[in-house]
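1. Have a look at this fold, sequence not included:
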């Protein structure tokens, strides 16, 4: 694992209730190709802060880069967005 990812994991460990730390970990994991782990980090971040549009943006970008454009996945992301801003 890269040094930035180690630091991000340490930040999540030190601040387990930080949506920002979990999101940062997700972006670093995504950058090095650990897509499943990135998705889990983004989902953790979203659970901590359901109104975090930046996390939804990252989840959408992850789905785009994976080529995951299934109707079910798109509906899930849209549903999360509506919940966040209802």
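-> Looks like it came in fine. Quick caveat, the model's predicted, so the values are computed rather than measured.

2. For this structure, which residues score under the pLDDT cut-off?
-> 1-2, 68-86 (pLDDT under 70).

3. residue nearest the centroid of it?
-> residue 42 (1.7 Å; Cα atoms, centre = their mean).

4. quick one: contacts for that one?
-> By Cβ atoms under 8 Å, 6 or more residues apart in numbering, residue 42 lies in contact with 22, 23, 26, 55, 58, 59, 62. The way it works is simple: take the backbone N, C-alpha and C, and place the C-beta from them, glycine included.

5. And for it, nearest residue in space, chain neighbours not counted?
-> The shortest distance from residue 42 to any non-neighbouring residue, by Cβ to Cβ, 6 or more residues apart in numbering, is to residue 26 (4.3 Å).

6. So which other helices or strands are in contact with the strand or helix carrying the one you found?
-> Applying DSSP states H and E as the criterion places residue 26 in helix 19-31. Here helix 19-31 touches helix 3-14, helix 35-48, helix 53-66, going by 3 or more Cβ pairs under 8 Å, 6 or more residues apart in numbering; DSSP states H and E.

7. sorry, back to before: the residue nearest to residue 42 contacts residue 45, doesn't it?
-> Yes - applying Cβ atoms under 8 Å, one finds residue 26 in contact with residue 45, separated by 6.4 Å.

8. shared neighbours of these two, anything?
-> residue 55.

9. Next, residue 16: secondary structure please.
-> Three-state assignment for residue 16 (DSSP: H, G, I helix; E, B strand; the rest coil): coil.

10. What is the burial count for it?
-> Residue 16 has 11 neighbours, counted by other Cβ atoms under 10 Å.

11. burial measure for the residue nearest to residue 24 when sequence neighbours are not counted, as a count.
-> Spatial nearest neighbour of residue 24, chain neighbours left out: residue 8 (5.1 Å); criterion: Cβ to Cβ, 6+ apart. Using other Cβ under 10 Å, residue 8 has 22 neighbouring residues.
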